[in-house]
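Colleague: Everything below, folded, please.
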Amino acid sequence: MSFYDYFQICAAIAFLIILVGRALHMRLSRKINAIAIGGGKKGFRLAVELISFSGLAVWVVETFLYALHSDVRLFPWPLDVQLIDSEPARIAGVVLITLGLIIFVFAFVSFGDSWRVGFDVKTPGALVTTGLFAFTRNPIYVFLDLWFLGTFLINGRLIFLIFALLTFTVIHWQILQEEAFLRNLYGEKYEDYLNTTGRYITLRW
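Modeller: As a prediction, this is how the structure comes out:
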């Protein structure tokens, strides 16, 4: 196993520890159920959300299989085609994932008790517009985009490119759904936030 293999495994473990640890902490100490998958959704939107979270789990497993150089694959061999195989690409992948993890951690710090996975229609938190959220309205989604793209650059396989492209598409769609939900929830305060902060990144000159 190479440095890149260990790096991918450690990145995935760090993500899971932070995600599960934060959810448990909020549940036990604040009595807040932060995992609200499917909340306020039905039909097509519910199906997309459930499939997306299932896809994330499958992608993590596939990443581990590649990092461990296992002969087991979750997808057929044509998707194993090597598209990129260069040291600069792998280094760029490490940089993107590292940057993404930093954003991920700071997003949790800024979120406080308002962090949710999905739409919490019963006990939504306060609107967060400070900290990292003063520069991006969706830092965790930015992290996921960077993570998926970085993983493709490290492995260079077709399957990871497909996952990255699907992730970019689904995340953008999910953001649009959340914007509609938050408009109804926070009203004018959220509209003001939309006008001052970028969906992915805000560049202030």
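
Colleague: Now do the buried residues in the helix or strand containing residue 90.
Modeller: Assessed by DSSP states H and E, residue 90 sits inside helix 87-111. Residues 89-90, 92-94, 96-97, 100-101, 103-104, 106-108, 110-111 are the ones in helix 87-111 that count as buried (16 or more other Cβ atoms under 10 Å). To be clear about C-beta, it is placed using only N, CA and C from the backbone, and glycine gets the same treatment.

Colleague: Stretch 170-184 too?
Modeller: So, applying 16+ other Cβ under 10 Å, buried residues of stretch 170-184: 170-171, 174, 178, 181-182.

Colleague: secondary structure class for residue 140?
Modeller: helix (DSSP: H, G, I helix; E, B strand; the rest coil).

Colleague: Report how many residues lie close to it.
Modeller: Residue 140: 19 surrounding residues under other Cβ atoms under 10 Å.

Colleague: you'd agree it is up against residue 101?
Modeller: No - using Cβ atoms under 8 Å, residue 140 is not in contact with residue 101, being 11.2 Å away.

Colleague: show me what contacts residue 68?
Modeller: Shown in contact with residue 68 (Cβ atoms under 8 Å, 6 or more residues apart in numbering): 1, 5, 9.

Colleague: give me the number of residues near the last one?
Modeller: Residue 9: 15 surrounding residues under other Cβ under 10 Å.

Colleague: residues in contact with it?
Modeller: 64, 67-68 are the contacts of residue 9 under Cβ under 8 Å, 6+ apart.
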